[in-house]
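> Structure, please.
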Amino acid sequence: MEDIMTITPLGSGQEVGRSCHLLTFRGTTIMLDCGVHPGYDGIAGLPFFDRVDPEQVDVLLVTHFHLDHAASLPYFTERTKFKGRIFMTHPTKAVIRLLLGDYLRLMTMKKGAGGELTQDDDVLYTEAELQACVDKIELIDYHQTIDLNLPSGLKFHALNAGHVLGAAMFFIEIGGRSVLYTGDYSMEEDRHLMAAELPRYHTSPDVLIVESTYGVQVHATRAEREARFTGTIERIVSGGGRCLIPMFALGRAQELLLILDEYWKDHPHLQSIPIYYASKMASRALRVYQTYANMMNARIRSQMDLGNPFSFSHIRNLKSIDINTFDDRGPCVVFASPGMLQSGVSRQLFDRWASDPKNGCLIAGYAVEHTLAKEIMNQPKEVVTMEGRRQPLNCVVDYVSFSAHVDFVQNRDFITSVDPRNIILVHGAKEEMGRLKGALMLQYNKLPENKRPTIAMPPNEVEVKLIFTRRRSAKVMGKLAEAPADDNDNQVEEKKAKAVVEPREGDAVRGILVTQQNSSKIVAPEDLSTYTPLRVGSVSSRLHVPFVGKIETLRMFLGEMFRDIEETKEDIEADDDGDGADDEGIVTFSIGSQVKVIAGKTKGVATVEWDCSPVGDVIADSLVALIMHAQSSAASIRLTAQPCRHRAKKAREGDKDNQSTAEEYLRAVHQALTDQFLSVEATYEATKGTFEVKLDANDNAPEESDVLVCAATVEFENILDGTAKVTVECEDEKLATNVRGCVQNVVAASAPIAMIE
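This next block holds a predicted model:
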């Protein structure tokens, strides 16, 4: 049976911007990221949401807070019929509220210069809609697995992506298949962030959705880039110019601030030149970074013990900046947002400084197509200001990449380490993406054809369909995945030190098979609660069986039925009136480890206890039948019969209860004689009965002289102690023997009558 996985880019398919991908498999739909295109305004910058039914989206995963990955989130959650769940990391949620609030302000400024707006004014959402969206976000930690309990078995966990604070990759398991979505990631540790991590403890994913931003480009070393960055700034300000560094308020800005503040400390001649961080949320952004310092690299964590590494000595925060009154007569450095120069403070300063050849604009991040930042990198002679007038571009324009995206070598090594079966390239310009695909195919052509992964680079709205055969396999987990060290192995000492080794092919595995949501695993019973939502439980049963026989009888019958019975005894005190347990005390018979029989604890009752199981239930049923048989068989009666030892009360003459009891016994004798001899006359006198049995001596001689008569007398001397006198008189000895035998059988069946002849 085959299943089809469909992956559709709704954005960032052969482009950079508006990252949004739709993954559908086994009836579950996942949306990966939900950004906008920085080069377009309003609705035009959204992903192609018309290709998806929002009600069908079960979960939306956001990798990080950059606008091209998250800015359309409030629009999708509040202005469509989306009812699914949203997940992102803690820092991402904290920054998104700040960043999208600032983005809303810039949209409002650009569209209506701060005036009143409606939804029709091409502003994607309102402040209220933004807050409603943020309230719906659920949090996930790195390495935390979320299981949504969907029929497809969807579960996922986040991995550190390095790109910015809180950036995450998502490793998704669905329908027995796995998908790794990288989002934007960096394999290089910088001044404050760790490098991205490889997915460990997992087999190779079936599908890898990976960024291809830089295609086959290779970054210069970090030292070279930092030297070029600081050298360009120093050259501009030393010549009396002003240097603009357009950056998004959060992300790479913090990295560049750390670099420049350190450079200013090491060069005292520059310390008179101010550095400004112009952002309305500058102080709030730095508080977020201080809060989540534990998620940064060891360098920042060690500095946090001594002080705040984001408390800069030579950088001033500007919560607001009025371009008309800003004093820029002398040299200065200004970090301003947004990073693509499409609007806001960075665009206003650029329009003001672009015509002066002493000034400079340093692009330190990736520039998206159709933005002014990308346009000026081509060194045009003129640019158009926000007011629409044309002016010459005389300032210095330089580009140094600090965008925290992988280059070709890092991307290739990551893909090789992950070893996916299918590769989907996203988030890259068509030309760069095509070059990367060609380089990867050239590398994989060296492998056998059956080991080469498929590589696709779909444009927006074009589906990629992957066909998978349903797997029939189970993962062996926990203790069953370990095997004891083999003493015959040459490396016995090393293996004994490790205590366990991996099982080898052909080893028998015995455990519990658990299948849940298309995923099967085999675990030991003691590991059931660790690797599955199940718990090991047991049902104990206790059955009280009437038993008036002796423990000696029970012991004999159990011994004949079962072997290796363990017997334990416990002494108890008898009641004053003589009632209570058997003389042997409480005796417990254990039949294996399955069932116990307890006798003597309660008078007239034997208790059967067992843990319910197929074997235990069968043994318990047989024991109940055995106990019932043990107290009613003739063998048990002969084994245990003895006179009663309790005190007998004297019978009172004329006692009606005594007469009634005696008459019942006598009538039983009469009935037995009648059944055998047909003609029996009975006479009852109190506790005495006389029975006259008549029998023809010769069936052909009806004369009265041929009739044989036998008289039998049964008299109870004391009905309470069960003693009776029985006499039989007859001229024919054979008839007398037959009558006497019949009476004896009735007496034996009506114990405790004692025979007295």
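> what sits against I565?
L558, G559, F589, S590, I591 (CB atoms under 8 Å, 6 or more residues apart in numbering). Yep, even glycine has a C-beta here, placed from its N, CA and C like the rest.
> Give me the distance between the fourth one and D564.
When CB to CB, to the nearest Å is applied, the distance between S590 and D564 equals 9 Å.
> which one of these two has more residues nearby?
Using other CB atoms under 10 Å, the more surrounded residue of S590 and D564 is S590, with 16 against 7.
> Wait, the more buried one touches E566, no?
Yes - S590 is within contact range of E566, at 4.2 Å (criterion: CB atoms under 8 Å).
> Could you pick out the longest strand of this structure?
Longest strand in the chain, counting residues (DSSP state E): strand 707-718.
> who touches that one?
Here strand 707-718 has contacts from 648, 650-651, 658, 662, 665-666, 669, 673, 687-697, 723-732, 735-736, 739-740, 743, using CB under 8 Å, 6+ apart.
> Can you tell me the strand partners of that strand and which way each runs?
Sheet pairing of strand 707-718 (DSSP bridges) gives strand 688-696 (antiparallel), strand 723-730 (antiparallel).
> Enumerate the positions of it that are buried.
For strand 707-718, a neighbour-count test (16 or more other CB atoms under 10 Å) marks L708, C710, A712, V714, E715, F716 as buried.
> distance of the second one from L260?
Spatial separation of C710 from L260 under the definition CB to CB is 133 Å.
> can you check V726 too?
V726 is 125 Å from L260, by CB to CB.
> if we can go back for a sec, tell me the one of the contacts of I565 nearest Q516?
I591 (36.6 Å; CB to CB).
> Could you measure from the residue nearest to the closest one when sequence neighbours are not counted over to L623?
Excluding the flanking residues, the one nearest I591 by CB to CB, 6 or more residues apart in numbering is F562, at 5.2 Å. With distances taken as CB to CB, F562 is found 9 Å from L623.
> Have a look at those two and say which one is more surrounded.
More neighbours surround L623 than the other of F562 and L623, with 25 against 16 (other CB under 10 Å).
> check contacts around that one.
L623 makes contacts with L558, I591, V595, V597, V608, as judged by CB under 8 Å, 6+ apart.
> quick revisit: thought S590 was touching the residue nearest to I591, still the case?
No - when contacts are counted by CB under 8 Å, F562 is not listed as touching S590 (10.0 Å).
> ok so, going back, sort out for me which of the contacts of I565 are in helices.
Using DSSP state H, the members of the contacts of I565 that fall in helices are L558, G559.
> Farthest-apart pair in the contacts of I565, please.
For the contacts of I565, the farthest-apart pair by CB to CB is G559 and S590; their separation is 13.2 Å.
> how much space between E387 and V605?
102 Å.
> go on, V52?
70 Å.
> more crowded one of the two?
The residue with more neighbours, out of V52 and V605, is V52; 20 against 14, by other CB under 10 Å.
> Would you mind confirming that the more buried one is in contact with L10?
Yes - the pair V52 / L10 is scored as a contact, 6.6 Å apart, by CB under 8 Å.
> tell me the mean pLDDT for stretch 694-709?
Stretch 694-709 shows a mean pLDDT of 65.
> my bad, should have said stretch 63-74
94.
> before we move on, what about stretch 157-165?
pLDDT averaged over stretch 157-165 gives 93.
> Please apply the same query to stretch 193-200.
Mean predicted confidence for stretch 193-200 is 89.
> and it, which residues are buried?
Quick answer for stretch 193-200 (16+ other CB under 10 Å): L193, M194, A195, A196, P199.
> next one: stretch 598-615
I598, A599, G600, K601, A606, T607, V608, E609, W610.
> Repeat that for stretch 126-139.
For stretch 126-139, by 16+ other CB under 10 Å, it's T126, E129, L130, C133, V134, K136, I137, L139.
> quick one: contacts for L372?
L372 sits in contact with M340, L341, Q342, R347, F350, V383, where contact means CB under 8 Å, 6+ apart.
> host element of E129?
helix 127-136 (DSSP states H and E).
> Tell me which other helices or strands that helix touches.
For helix 127-136, the elements it packs on are helix 73-78, helix 90-112, judged by 3 or more CB pairs under 8 Å, 6 or more residues apart in numbering; DSSP states H and E.
> Just name the most buried of the ones you listed.
Comparing the helices and strands packed on helix 127-136 by mean neighbour count (mean count of other CB atoms under 10 Å), helix 73-78 comes out on top with a mean of 24.
> neighbouring contacts of that helix?
31, 34, 46, 49, 54, 60, 62, 82, 86, 96, 100, 124-125, 129-130, 132-133, 136.
> before we move on, the earlier item: so for F562 and L623, which residues contact both of them?
Common neighbours of F562 and L623, using CB under 8 Å, 6+ apart, are I591.
> ok, back up a step: take the buried residues of stretch 598-615 and keep only those in strands.
Judged by DSSP E, the subset of those located in strands is I598, A599, G600, K601, A606, T607, V608, E609, W610.
> Nearest to L362 among these?
Nearest to L362 among those: W610, at 81.4 Å, using CB to CB.
> Now for D675, how many residues are close by?
For D675, using other CB under 10 Å, the count is 10.
> centre of the chain versus the helix or strand hosting it, how much separation?
Applying DSSP H and E as the criterion places D675 in helix 656-677. The chain centroid and the centroid of helix 656-677 are separated by 76 Å, computed with CA atoms, centre = their mean, to the nearest Å.
> What residues sit buried inside stretch 624-635?
For stretch 624-635, by 16+ other CB under 10 Å, it's L626, I627, A630, Q631.
> tilt between the one helix or strand the first one maps to and strand 605-611?
Using DSSP H and E, L626 sits in helix 614-630. With axes from the mean of the first three to the mean of the last three CA atoms, to 10 degrees as the basis, helix 614-630 and strand 605-611 are set at 170 degrees to each other.
> Give me the mean pLDDT for helix 614-630.
On average, helix 614-630 scores 88.
> measure D305 to Y289 for me?
For D305 relative to Y289 (CB to CB), the value is 16 Å.
> Please read the previous query as pertaining to D327.
Taken as CB to CB, the span from D327 to Y289 is 29 Å.
> These two: which is more packed in?
A direct count of neighbours by other CB under 10 Å for D327 and Y289 places Y289 higher, at 21 against 7.
> That one contacts F312, doesn't it?
No - contact criterion CB under 8 Å: Y289 and F312 do not qualify, at 11.8 Å.
> List the buried residues in stretch 220-238.
In terms of neighbour count (16+ other CB under 10 Å), stretch 220-238 has its buried residues at R225, E226, R228, F229, T230, T232, I233, E234, I236, V237.
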